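In: Show me how the following folds:
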Amino acid sequence: MPIDMPNDAHHHTCLVFRDKLLLPSEGFIASHYISFDRLRPVYLANKIGWRANELHAPKLQTARTAIGTTIFKQTGFSPFYKSLKALQPQVLHAHFGRGGALALPVAQRLGIPLYVTYHGGDATKFTHDRKRLLPTIYQRRLTALQDYANGFLCVSNFVARRLEAQGFPKHKLITHYIGINLADIQAPTSRDGRLLFIGRLVGKKGVDVLLTALRMLHQSGKADSIKGLDIAGTGPDADHLRKMANGIPNVSFLGWQTPEQLALRMRSCCAVVVPSHQAPDGDCEGLPTVILEAIRAGCPVIATNHAGIPEIITDNASGILATENDSASLASALTRFASISDVPAMVAKAQRQLRAEFDASTQSAKLQSMLASHYAPTKPPNLFE
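Out: Got it, this is the predicted structure:
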């Protein structure tokens, strides 16, 4: 696995671990590193494909074969450690909790600090605590991971609180928001379009709750201000949701949309609706990126008080919030939104917070400073000793 790297004494290698690189919904991964000028990202993954060609940095695999990948996952062994050492990595940044567990042997073998970003469901799913005859890799390595890692980066305060409740060392929990590119932020204007939902059609996204809320409004004669709902996305619940939408006027399922198509719809819709809630298996959002993207587009947001959403949306001030998994509350929120007299002022307030806390360039620079100024990791028993 030799790799040619530029000979630049001012740059040190930062290994970036992701089990599967780069899944279709994970465009946010690259935004972490856009301001890096002292650390050079090199991606390390068990499988490379999907959107990986969008990553403008070297990409390495842990093994050449499926058997080799399985061996790496279960034991941490890889035939490429010599090549990895030749890169002289200074730090390893892993994405998702399970990614941190998989990357732990790499950090230990190379003797470098490890940081792990938790994104949402990886901190909340009940499956992590389920007792099993054969514990998962994450369960087997969790105690060692908590001991060895320098820091656990949480995409919201909500995620940090969940990890603290699970016994993660509080002094290692760091809230670090994922930013987005704000170069093309749009000034808010008055709107008169349709409601818009964007996301995967799965339980935690709450489309069923939204459809029930719309049906309630139509049945009570309170839907006059709602011109319709566009649902952009695909997923396993698509057929079920289409059946739920039967009889509700002006609901359109758009299917998968390109980023360009979504940008156009955000600029013309009356509001983006984010009805997320905790799924039965405990799966939660961290802080949905679609909210940041909507605010960037000058679009008002109607959402629930789920997970990290209240960290960017304040009810009746920078957006409208409903109680999660509560169709009546969401119906009330849709009605309240129709009565807001100055929607552009509400969005402008949200944009001020967006600029202050969610600018990708600023957040990336903060991450680089954190990773580059690490302290020496604690040393629990090494898996290779």
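In: Secondary structure element holding residue 231?
Out: strand 229-232 (DSSP states H and E).
In: Tell me which strands that strand pairs with, and in which orientation.
Out: Using DSSP bridges, the strands paired with strand 229-232 are strand 195-198 (parallel), strand 251-255 (parallel).
In: Kindly give the local confidence score, pLDDT, for residue 383.
Out: The model reports residue 383 with a pLDDT of 38.
In: With the flanking residues excluded, which residue is spatially nearest to residue 42?
Out: Residue nearest to residue 42 in three dimensions, not counting chain neighbours: residue 58, with 4.7 Å by CB to CB, 6 or more residues apart in numbering. C-beta coordinates here come from the backbone N, C-alpha and C atoms, glycine included.
In: The one you found: neighbour count?
Out: 15 (other CB atoms under 10 Å).
In: doesn't residue 43 make contact with it?
Out: Yes - in this structure, residue 58 is within contact of residue 43 by CB atoms under 8 Å, at 6.9 Å.
In: can you tell me how far residue 23 sits from residue 365?
Out: 26 Å (CB to CB, to the nearest Å).
In: Where do the helices of the chain begin and end?
Out: 28-31, 66-75, 81-86, 97-110, 121-124, 137-148, 157-165, 207-219, 238-245, 259-268, 289-296, 327-338, 343-357, 360-372 (DSSP state H).
In: can you tell me which of those comes nearest to residue 274?
Out: helix 289-296 (5.7 Å; CB to CB).
In: Backbone torsions only: list them for the residue nearest to residue 42.
Out: phi -60, psi 150 (degrees, to the nearest 10).
In: how much space between it and residue 16?
Out: For residue 58 relative to residue 16 (CB to CB), the value is 10 Å.
In: residues shared between the contacts of those two?
Out: Shared contacts of residue 58 and residue 16, defined by CB atoms under 8 Å, 6 or more residues apart in numbering, are found at 42-43.
In: what sits against residue 95?
Out: 16-18, 29, 116-117, 119.
In: okay if I get the residues you listed as TSV plus neighbour count and pLDDT?
Out: Listed next are those as TSV, based on neighbours: other CB atoms under 10 Å; pLDDT from 0 to 100:
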residue	neighbour count	pLDDT
16	26	98
17	24	98
18	25	98
29	20	94
116	28	98
117	25	98
119	22	97
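In: Among those residues, which lie within strands?
Out: 16-18, 116-117 (DSSP state E).
In: Can you read off the pLDDT for residue 24?
Out: In this model, residue 24 is scored at 85, pLDDT.
In: Let me see the contact set for it.
Out: Per CB under 8 Å, 6+ apart, neighbours of residue 24: 50-51.
In: quick one: it from residue 259, how far?
Out: Counting by CB to CB, the gap from residue 24 to residue 259 is 11 Å.
In: try residue 371
Out: 28 Å.
In: So if I had to pick from the two, which one is more boxed in?
Out: Higher neighbour count among residue 371 and residue 259: residue 371, with 25 against 9, using other CB under 10 Å.
In: Please name the nearest non-neighbouring residue to the more buried one.
Out: residue 91 (4.8 Å).
In: partners of that neighbour in the sheet?
Out: residue 14.
In: these two touch, right, it and residue 113?
Out: Yes - using CB under 8 Å, residue 91 makes contact with residue 113 at a distance of 4.9 Å.
In: the more surrounded of these two?
Out: Between residue 91 and residue 113, counted using other CB under 10 Å, the more crowded position is residue 91 (23 against 20).
In: Would you mind listing the residues in contact with that one?
Out: 14-15, 39, 112-115, 371-372, 374.
In: so how far is residue 13 from it?
Out: For residue 91, the distance to residue 13 - CB to CB - is 8 Å.
In: Overlap in contacts, the two.
Out: residue 39.
In: residues of stretch 278-292 that come out buried?
Out: Neighbour-count burial for stretch 278-292, counted by 16 or more other CB atoms under 10 Å, picks out 278-279, 282-292.
In: ok, of these, which one's closest to residue 124?
Out: Closest to residue 124, out of all of these and judged by CB to CB, is residue 284, at 4.2 Å.
In: Can you give me the neighbour number for residue 211?
Out: Number of residues near residue 211 (other CB under 10 Å) recorded here: 23.
In: I meant residue 345, not that one.
Out: 12.
In: go on, the one 5 residues further on?
Out: For residue 350, the count of nearby residues is 25 (other CB under 10 Å).
In: again with the one 3 residues further on
Out: Residue neighbour count, defined by other CB under 10 Å, stands at 16 for residue 353.
In: give the contact list for it.
Out: 312, 318.
In: per-domain residue ranges of the chain.
Out: 12-179+361-372, 195-358 (automatic domain parsing).
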